[in-house]
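**Q** Curious how this folds, go ahead:
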Amino acid sequence: MIKQMFKASLLAVGLSAASFSYADAVSDFYQGKTVSVVSPSGVGGSIYKYALLVSNHIGRHIPGNPEVVVEDRGGGGGKKAANYVQNAAPKSGVVIAELHPSSLVVPLIVEKPQFDFSKVNWLGSIAVRPYVGVVWNTVKDDRLEKMTGKEVTFASSGVGGSSYQYPFFLSQITGAKLKVIPGYKSGGKMNIAMEAGEVDGRGNYYEGFLSTNPDWVKDGKIKYVFRMGDDHPDLMDVPQASDYMKTESQKQMLNFLEGPLKIGQAFYVHGEVPADRLAALRKAFVDMINDPVFQEDAKKMKLVIRTRTPDQVAAAVKTVYATPKPVVDELQAMFKKK
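**A** Okay, the predicted model is just below:
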């Protein structure tokens, strides 16, 4: 399946046989260098684990075999990492960044963005995953339509994160008494807060829970409130966010917010990285994904691999940025109520 989607066809990543004329120059550049894989989320969550997975394997597929390290720049739902990579980091090809999905849309609705994902160079995406809102098993109100009495609290990283935007949006659409509390620095800290009873629940990728807290899923320690993104056989009884959308405007707003879920855990480099190094990094990304050692490590880390090509990621980003202004304006007005 992985090989079918990310077939080692050079055309799939924009390469040709002529690209290999650059091999010596690229190898000379990377030899002895250190490449950083920037994680937009703190240690402990599944987003960080994907950055760690890539950092552990891509180096041996890059000409010159540079040392590769993971760099934690979590904060602000990915804004901190995006600002760094697009505005401050070296543009030479020694910085690879992971997209925090919420950083694609939230800056467009809560503030003037300081970065533009339509101008970066995508390497591809390694995981497209469904998103769920959950509460701890002791919480009685486990559906949005039931949250009419006591206020239910969700942990979040901040207004710029998916852990805030998705439950907040649904609370505004449904009228549910769901309060989203920002300030948690990582997914791991949100999980600790939920287990300790500091908050009732949180939003997260379903397979994030399978990766970091599989016993919660197996033992029924969490209850699913809503789901977003692609269908999953384990979640078919959980209400889709789209079930709550009653008007065309609401559906358009949801489509905008769900755009990042069609992209998943995508990786990119600065738009000014030289063409020969970009070609080498894209090939390295494909070779990494097709590497049995990488695939086995992903299984051990309980990380699902569902890939998208650079062109597929770029097309999804273009669709998000093409959302009609009235839809974005309506979301802006909604998020000002926070």
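**Q** could you pull out the helices for the stretch 201-338 of the chain?
**A** Under the criterion DSSP state H, counting those that start in this stretch, the stretch 201-338 of the chain contains helices at 206-212, 214-218, 248-258, 275-289, 292-300, 310-321, 325-335.
**Q** do you know which of those helices lies nearest residue 94?
**A** helix 275-289 (9.0 Å; C-beta to C-beta). For every residue, glycine as well, the C-beta is placed using N, CA and C.
**Q** got the CA positions of that closest one in PDB?
**A** Output in PDB follows, covering the C-alpha atoms of helix 275-289 (Å, rounded to 0.1, in the frame of the first residue of the first chain):
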ATOM      1  CA  ALA A 275      16.500  22.900  -6.600                       C
ATOM      2  CA  ASP A 276      19.100  20.100  -6.500                       C
ATOM      3  CA  ARG A 277      18.900  19.800  -2.700                       C
ATOM      4  CA  LEU A 278      15.100  19.900  -2.800                       C
ATOM      5  CA  ALA A 279      15.100  17.100  -5.400                       C
ATOM      6  CA  ALA A 280      17.400  15.000  -3.200                       C
ATOM      7  CA  LEU A 281      15.300  15.600  -0.100                       C
ATOM      8  CA  ARG A 282      12.100  14.600  -1.900                       C
ATOM      9  CA  LYS A 283      13.800  11.400  -3.100                       C
ATOM     10  CA  ALA A 284      15.100  10.700   0.400                       C
ATOM     11  CA  PHE A 285      11.600  11.200   1.800                       C
ATOM     12  CA  VAL A 286      10.200   8.600  -0.700                       C
ATOM     13  CA  ASP A 287      13.100   6.200  -0.100                       C
ATOM     14  CA  MET A 288      12.600   6.500   3.700                       C
ATOM     15  CA  ILE A 289       8.900   5.600   3.500                       C
END
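**Q** Buried ones in it, by neighbour count?
**A** 276-289 (16 or more other C-beta atoms under 10 Å).
**Q** Likewise for stretch 92-101?
**A** Using 16+ other C-beta under 10 Å as the test for burial, stretch 92-101 gives 93-101.
**Q** so how far is stretch 221-241 off the chain centroid?
**A** From the chain centre to the centre of stretch 221-241 is a distance of 18 Å (C-alpha atoms, centre = their mean, to the nearest Å).
**Q** Closest one of the buried residues of helix 275-289 to residue 126?
**A** Nearest to residue 126 among the buried residues of helix 275-289 is residue 289, at 6.4 Å by C-beta to C-beta.
**Q** my guess is the closest one meets residue 308, correct?
**A** No. Applying C-beta atoms under 8 Å, one finds residue 289 not in contact with residue 308, separated by 10.9 Å.
**Q** who touches both of these two?
**A** Common neighbours of residue 289 and residue 308 (criterion: C-beta atoms under 8 Å, 6 or more residues apart in numbering): residue 124.
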